[in-house]
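# turn this into a model:
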Amino acid sequence: GVRPQKMYRFLRIVAAFIEIYVLGYAILIAYLISVWMESDSFANSATEIDWWIEAGKRFVFSSGLAFALSGLVWFVNKPMLKWLGFKNESLPAITAGVFGGSLCIASLIGAIVFATTKPFM
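Numbers count the residues shown, from 1 in each chain. The predicted structure is shown next:
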């Protein structure tokens, strides 16, 4: 039969792949929220500083989402990682920090690209 340790190892691998997939998708969304193009009406009247202000607003919005989502990751990971047999008590906080930090970095890069390339329709 299947030994419990092998089953837990398999479940750990599945959980890791799911977390990496969700993180990758969330990074893409955080980047796109920050870099997505602006309307023609804004672009026609915007000065250089207006583009940077808009980029800052997008970064702050994405960072707020990153903070909320990292809290959700911590909330989900705390019981899940314990159930999977991970001994490290701080692992949920570490994964939540990596998740939130990665999203903030992606949104910062997106905001800088937005302000420098000034994409509009």
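# got the contact list for stretch 93-113?
Residues from elsewhere that reach stretch 93-113, judged by C-beta atoms under 8 Å, 6 or more residues apart in numbering: 19, 23, 26-28, 30-35, 55-56, 58-59, 62-63, 65-67, 69-71, 73-74, 77, 81, 88. From N, CA and C alone the C-beta is placed, and that goes for glycine too.
# run the chain-centre distance for that stretch.
5 Å (C-alpha atoms, centre = their mean, to the nearest Å).
# got it, and stretch 29-46?
Relative to the mean C-alpha coordinate of its chain, stretch 29-46 is positioned 20 Å out (C-alpha atoms, centre = their mean).
# re the thing from before, drop anything exposed from the contacts of stretch 93-113.
Among the contacts of stretch 93-113, those scoring as buried are 19, 23, 26-27, 30-31, 33-35, 55, 58-59, 62-63, 65-66, 69-70, 73-74, 77, 81 (criterion: 16 or more other C-beta atoms under 10 Å).
# low pLDDT regions in the chain?
In the prediction, the chain carries residues with pLDDT under 70 at positions 1-2, 121.
# in it, where's the longest helix?
Longest among the helix segments of the chain by residue count, using DSSP state H, is helix 48-83.
# tell me the first helix or strand C-terminal of that helix.
Past helix 48-83, heading to the C-terminal end, the next element that is a helix or strand (DSSP states H and E) is helix 91-117.
# isn't Met80 right up against Arg12?
No - counting by C-beta atoms under 8 Å, Met80 stays clear of Arg12, with 10.2 Å between them.
# pick out the residue nearest the middle of the chain.
Geometric centre of the chain, nearest residue: Leu103, 3.1 Å, by C-alpha atoms, centre = their mean.
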